[in-house]
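>>> sequence below, structure please.
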Amino acid sequence: MDFEVASDIGMAECMYKRANSKIIVSSYVNGGKPSNERLVNLIACMQSTGADVIKLVIDVDYITDLAPVFQMLAHCQVPFIAIAVGSTGLISQLLGPKFGGFLVYGSLEGKSVPGLPTLVSLKHVYKLEYLNT
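Numbers count the residues shown, from 1 in each chain. Predicted coordinates:
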């Protein structure tokens with residue numbers, strides 16, 4: 001299982017030209033539950049790009065496979081967004097802030113994205129602002 005992170009030249013150019021914007025480096029991990037070593041290496045690689053925020057999207061079969069990802073949230077040196085896709089996607093969105101995740105995002109009403117909760121449901125149904133962190 002190899003992974004690729006933005007090239008040094010490409011990132012240097014983005015960092016130079018970004019003015020007042022923030023850079024998010026994102027990686028999608030699929031193909032089963034990654035090892036802790038692979039996750040640590042991937043996150044270190046993503047942090048080394050100098051990005052302001054890193055985002056990890058992971059394709060797992062079971063919600064318990066997210067435990068190592070949530071453990072990484074506490075050790076990350078930059079804001080970290082970690083979510084799962086598929087049937088575990090919603091619960092990873094809802095639990096992310098409890099484990100130190102940077103943010104939760106949703107879709108607008110009428111523009112639903114499969115597996116992504118709407119902003120209205122995040123606020124009124126799941127009441128994330130009351131999540132005990």
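>>> can you map out the strands along the chain?
Remark: strands assigned in the chain by DSSP state E are 24-29, 53-59, 80-85.
>>> who wins for proximity to residue 100 among those?
Nearest to residue 100 among the strands of the chain is strand 80-85 (7.3 Å), distances taken as Cβ to Cβ. Bear in mind the C-beta positions are built from the backbone N, C-alpha and C, glycine included.
>>> for that closest one, which helices and strands make contact with it?
If contacts are counted by 3 or more Cβ pairs under 8 Å, 6 or more residues apart in numbering; DSSP states H and E, strand 80-85 sits against strand 53-59, helix 67-73, helix 89-95.
>>> if we go to 10 Å?
Other elements packing on strand 80-85 under the criterion 3 or more Cβ pairs under 10 Å, 6 or more residues apart in numbering; DSSP states H and E are strand 24-29, helix 36-47, strand 53-59, helix 67-73, helix 89-95.
>>> the residue nearest to residue 52 when sequence neighbours are not counted: neighbour count?
Closest residue to residue 52 apart from its sequence neighbours, by Cβ to Cβ, 6 or more residues apart in numbering: residue 22 at 4.1 Å. Residue 22 has 9 neighbours, counted by other Cβ atoms under 10 Å.
>>> now residue 22. Its backbone dihedrals?
Note on residue 22: its backbone torsions stand at phi -110, psi 150 [degrees, to the nearest 10].
>>> surely it meets residue 102?
No: between residue 22 and residue 102 there is no contact under Cβ atoms under 10 Å: 11.1 Å.
>>> got any residues that touch both of these two?
Common contacts of residue 22 and residue 102 (Cβ atoms under 10 Å, 6 or more residues apart in numbering): 53, 79.
>>> list the residues that contact residue 102.
Residue 102 sits in contact with 24, 53, 54, 55, 73, 76, 78, 79, 80, 81, 82, 96, where contact means Cβ under 10 Å, 6+ apart.
>>> actually residue 127, not the one I typed
The neighbourhood of residue 127, defined by Cβ under 10 Å, 6+ apart, consists of residue 121.
>>> list the contacts for the nearest residue to residue 26 once chain neighbours are set aside?
Nearest in space to residue 26, with sequence neighbours left out and distances taken as Cβ to Cβ, 6+ apart, is residue 55 at 4.1 Å. For residue 55, the contact set (Cβ under 10 Å, 6+ apart) comprises 24-28, 46, 79-83, 102-103, 105.
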